[in-house]
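Peer 1: Here is a sequence together with a model predicted from it:
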Amino acid sequence: AMGRVGGGGAGLVALVLLGAPPAAGAEVSEVFQLMAKFECHFINGTERVRFVDRYIYNREQFLHFDSDVGHYVGDTPFREIKAKRFNSDPEILEHERSAVDIHCRRNYEVFRPFSVDRRVPPSVSISLVPSSSQPGPG
(Lines give C-alpha, C1' and ligand atoms only; values in the text may rest on other atoms or scores of the structure.)
Protein backbone atom coordinates (compact mmCIF):
# COMPACT_ATOMS: atom_id res chain seq x y z
CA ALA A 1 0.00 0.00 0.00
CA MET A 2 1.20 3.47 -0.76
CA GLY A 3 1.87 5.80 2.15
CA ARG A 4 0.18 9.15 2.08
CA VAL A 5 1.76 12.47 2.84
CA GLY A 6 -1.29 14.58 3.58
CA GLY A 7 -1.55 18.23 2.75
CA GLY A 8 2.08 18.66 1.79
CA GLY A 9 1.13 21.93 0.20
CA ALA A 10 -2.09 23.65 0.98
CA GLY A 11 -2.69 27.19 -0.11
CA LEU A 12 -5.48 29.36 1.12
CA VAL A 13 -6.92 32.53 -0.26
CA ALA A 14 -9.73 34.16 1.71
CA LEU A 15 -11.86 37.13 0.82
CA VAL A 16 -14.18 38.80 3.29
CA LEU A 17 -16.85 40.85 1.63
CA LEU A 18 -18.73 43.47 3.61
CA GLY A 19 -21.92 45.17 2.50
CA ALA A 20 -22.20 48.94 2.10
CA PRO A 21 -20.56 50.94 4.90
CA PRO A 22 -22.95 51.40 7.82
CA ALA A 23 -24.40 54.80 8.61
CA ALA A 24 -22.82 56.68 11.52
CA GLY A 25 -23.59 54.86 14.77
CA ALA A 26 -25.15 51.84 13.00
CA GLU A 27 -23.80 48.33 13.46
CA VAL A 28 -22.75 46.06 10.61
CA SER A 29 -25.63 43.63 10.27
CA GLU A 30 -24.13 41.09 7.90
CA VAL A 31 -20.70 39.75 7.08
CA PHE A 32 -20.31 37.41 4.12
CA GLN A 33 -17.26 35.25 3.66
CA LEU A 34 -16.21 33.89 0.27
CA MET A 35 -13.16 31.66 0.34
CA ALA A 36 -11.20 29.84 -2.35
CA LYS A 37 -8.93 27.12 -1.01
CA PHE A 38 -6.58 24.87 -2.95
CA GLU A 39 -4.96 21.71 -1.70
CA CYS A 40 -2.14 19.53 -2.96
CA HIS A 41 -2.16 15.91 -1.79
CA PHE A 42 1.12 14.04 -2.32
CA ILE A 43 1.22 10.24 -2.22
CA ASN A 44 4.69 8.65 -2.28
CA GLY A 45 6.34 11.97 -3.02
CA THR A 46 5.22 13.10 -6.46
CA GLU A 47 4.36 9.60 -7.67
CA ARG A 48 0.69 10.42 -7.32
CA VAL A 49 -0.47 14.02 -6.84
CA ARG A 50 -4.02 15.27 -6.41
CA PHE A 51 -5.12 18.90 -6.70
CA VAL A 52 -8.39 20.10 -5.15
CA ASP A 53 -9.74 23.63 -5.58
CA ARG A 54 -12.61 24.39 -3.17
CA TYR A 55 -15.01 27.35 -3.15
CA ILE A 56 -16.68 28.06 0.18
CA TYR A 57 -19.34 30.60 1.07
CA ASN A 58 -20.10 31.21 4.76
CA ARG A 59 -18.42 27.93 5.77
CA GLU A 60 -20.34 25.86 3.20
CA GLN A 61 -18.52 24.38 0.23
CA PHE A 62 -20.58 25.05 -2.87
CA LEU A 63 -18.26 24.18 -5.78
CA HIS A 64 -15.00 22.29 -6.22
CA PHE A 65 -12.56 21.00 -8.81
CA ASP A 66 -10.81 17.70 -8.13
CA SER A 67 -7.97 16.66 -10.46
CA ASP A 68 -8.87 13.00 -9.86
CA VAL A 69 -12.33 13.72 -11.31
CA GLY A 70 -11.06 16.16 -13.95
CA HIS A 71 -13.92 18.64 -13.85
CA TYR A 72 -15.92 20.96 -11.58
CA VAL A 73 -18.60 19.55 -9.33
CA GLY A 74 -21.42 21.63 -7.87
CA ASP A 75 -21.96 20.78 -4.21
CA THR A 76 -25.44 22.33 -4.19
CA PRO A 77 -28.14 22.04 -6.88
CA PHE A 78 -27.87 25.76 -7.67
CA ARG A 79 -24.08 25.55 -8.10
CA GLU A 80 -24.35 22.53 -10.38
CA ILE A 81 -25.39 25.07 -13.04
CA LYS A 82 -22.15 27.03 -12.43
CA ALA A 83 -20.15 23.79 -12.58
CA LYS A 84 -21.67 22.95 -15.98
CA ARG A 85 -20.78 26.43 -17.24
CA PHE A 86 -17.15 26.09 -16.06
CA ASN A 87 -16.93 22.55 -17.48
CA SER A 88 -18.08 23.78 -20.89
CA ASP A 89 -15.20 26.30 -21.07
CA PRO A 90 -12.04 24.53 -22.34
CA GLU A 91 -9.79 27.37 -21.16
CA ILE A 92 -11.00 27.18 -17.55
CA LEU A 93 -10.75 23.38 -17.52
CA GLU A 94 -7.25 23.42 -19.00
CA HIS A 95 -6.14 25.90 -16.34
CA GLU A 96 -7.50 23.73 -13.50
CA ARG A 97 -6.16 20.50 -14.98
CA SER A 98 -2.67 21.98 -15.32
CA ALA A 99 -2.71 23.10 -11.67
CA VAL A 100 -1.39 19.69 -10.56
CA ASP A 101 1.88 20.49 -12.30
CA ILE A 102 1.91 24.28 -11.86
CA HIS A 103 0.94 24.49 -8.18
CA CYS A 104 1.71 21.07 -6.76
CA ARG A 105 4.57 19.25 -8.47
CA ARG A 106 6.51 22.44 -9.14
CA ASN A 107 6.30 23.47 -5.48
CA TYR A 108 6.87 20.03 -3.94
CA GLU A 109 10.51 20.76 -3.14
CA VAL A 110 9.48 24.04 -1.51
CA PHE A 111 6.87 22.34 0.73
CA ARG A 112 8.88 19.20 1.43
CA PRO A 113 11.12 20.54 4.23
CA PHE A 114 8.00 21.67 6.12
CA SER A 115 5.91 18.58 5.49
CA VAL A 116 7.70 15.35 4.60
CA ASP A 117 11.16 16.01 6.04
CA ARG A 118 9.91 17.63 9.21
CA ARG A 119 8.86 14.51 11.03
CA VAL A 120 9.59 14.60 14.71
CA PRO A 121 9.31 11.38 16.74
CA PRO A 122 6.63 11.62 19.42
CA SER A 123 7.78 12.11 22.98
CA VAL A 124 5.87 11.51 26.18
CA SER A 125 6.39 13.28 29.46
CA ILE A 126 4.74 12.02 32.64
CA SER A 127 4.58 14.06 35.80
CA LEU A 128 2.72 13.45 39.02
CA VAL A 129 0.33 16.19 39.96
CA PRO A 130 -1.52 16.17 43.29
CA SER A 131 -5.24 15.72 42.82
CA SER A 132 -7.80 17.19 45.17
CA SER A 133 -10.24 14.41 44.23
CA GLN A 134 -7.97 11.60 45.47
CA PRO A 135 -6.94 11.06 49.08
CA GLY A 136 -3.25 10.75 49.86
CA PRO A 137 -0.14 12.13 48.22
CA GLY A 138 -1.45 11.66 44.63
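Peer 2: Cool, got the structure.

Peer 1: May I have the phi/psi pair for the residue nearest to Asp66 when sequence neighbours are not counted?
Peer 2: Excluding the flanking residues, the one nearest Asp66 by Cβ to Cβ, 6 or more residues apart in numbering is Val52, at 5.2 Å. Using the backbone N, CA and C atoms, a C-beta is placed for each residue, glycine as well. In terms of degrees, to the nearest 10, the main-chain angles of Val52 are phi -130, psi 130.

Peer 1: got the residue ranges for the helices in the chain?
Peer 2: 77-87, 90-99, 108-111 (DSSP state H).

Peer 1: So for Leu63, which of these sits nearest?
Peer 2: Among the helices of the chain, helix 77-87 comes nearest to Leu63, with 4.8 Å by Cβ to Cβ.

Peer 1: Check the gap between Phe111 and Ile43 for me.
Peer 2: Applying Cβ to Cβ, to the nearest Å, the value for Phe111 to Ile43 is 14 Å.

Peer 1: returning to what we had before: residues near the residue nearest to Asp66, how many?
Peer 2: Val52 has 17 neighbours, counted by other Cβ atoms under 10 Å.

Peer 1: Next, count neighbours for Ser67.
Peer 2: 20.

Peer 1: nearest spatial neighbour of it, skipping sequence neighbours?
Peer 2: Spatial nearest neighbour of Ser67, chain neighbours left out: Phe51 (4.1 Å); criterion: Cβ to Cβ, 6+ apart.
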